[in-house]
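Chemist: Turn this into a structure:
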Amino acid sequence: MAEVINFEEMENEQPKEDLIAKYSGKPFQPLQAPAAQQAAQLLEYEGMVEYGRSGRNPRFRIIDGKGNSYGSGYAHLMGWLFTPPDVLTIHTTTHIFTFQGKGLAEIERALMDEKIKELREYNPGTHTMPEEPKTIIEKLEVVNRFESTV
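Modeler: Residues are numbered from 1 along each chain as shown. As a prediction, this is how the structure comes out:
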C-alpha cells in the first residue's frame, strides 16, 4: 500500500530557512533595498595611484567619472601645463586631458618622476570620500586629437 504524504504537515514541521540551508549548503541572504545595495558597493576614492617600485614605469591610465579608461605610455606623453592651484592639462599623442580639482601639484610631482599608475575622476555615485584625500579630481575633460572639431 502506498504511503500518503500530507505536504501541509511537512511544511509546518520544518521552517523554510532550514530547508534552504539544507539544500543550498549556505544560508539565504536577506534582500536589501537598492539604496542599501549601492551603499555597500561604494569604493573609497583615490584620485591618484602611484607605482610602488622606483625607476621608469611604461604606462599610466586616466579614468573618467563614467568609468572610461584612457591608457597612455610615458613615451607618448608630450607635456603638461599646471596652473596652480586647481587646473592641470596633460597632452599625449592621442588625447588632451584637462583636470580641475585639489592637490594637483601631487600629480605634477608624480609626472616628473614617471610614477603615476592611475588617475581617477571623483564620482559621488560610486565613490566615498576619504577624510583627508591628497588629490581630488573634481572634473575631467577629454579631447580626442583624431576627432574633428568642425
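Chemist: For the nearest residue to Arg61 once chain neighbours are set aside, list the residues it contacts.
Modeler: In space, Arg61 comes closest to Gly71 once its chain neighbours are excluded; the distance is 4.6 Å by CB to CB, 6 or more residues apart in numbering. Placement of C-beta: from N, CA and C, glycine included. With contact taken as CB atoms under 8 Å, 6 or more residues apart in numbering, Gly71 is in contact with Arg59, Phe60, Arg61.
Chemist: Show the pLDDT at the second one.
Modeler: Just to be clear, that refers to Phe60. Per-residue confidence at Phe60 stands at 95 (pLDDT).
Chemist: could you pull out the strands for this structure?
Modeler: With DSSP state E, the ranges of strands along the chain come out as 43-44, 48-50, 59-63, 69-73, 77-83, 87-92, 95-102, 116-120, 127-128, 136-144.
Chemist: Tell me where the model's unsure across the chain.
Modeler: Residue ranges of the chain with pLDDT under 70: 1-16, 19-40, 54-55, 148-150.
Chemist: Got the domain ranges for it?
Modeler: Per automatic domain parsing, the domain ranges recorded for the chain read 7-37, 43-144.
Chemist: Restricting to C-alpha, output stretch 73-81 in PDB.
Modeler: Provided in PDB are the C-alpha atoms of stretch 73-81 (Å, rounded to 0.1, in the frame of the first residue of the first chain):
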ATOM      1  CA  GLY A  73      52.600  55.300 -22.300                       C
ATOM      2  CA  TYR A  74      55.100  57.800 -20.800                       C
ATOM      3  CA  ALA A  75      56.800  57.700 -24.200                       C
ATOM      4  CA  HIS A  76      53.700  59.300 -25.700                       C
ATOM      5  CA  LEU A  77      53.400  62.000 -23.000                       C
ATOM      6  CA  MET A  78      54.000  65.200 -24.900                       C
ATOM      7  CA  GLY A  79      53.800  67.600 -21.900                       C
ATOM      8  CA  TRP A  80      51.600  69.200 -19.400                       C
ATOM      9  CA  LEU A  81      50.600  72.700 -18.200                       C
END
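Chemist: Buried ones in it, by neighbour count?
Modeler: Under the neighbour-count criterion of 16 or more other CB atoms under 10 Å, stretch 73-81 has Leu77, Trp80 buried.
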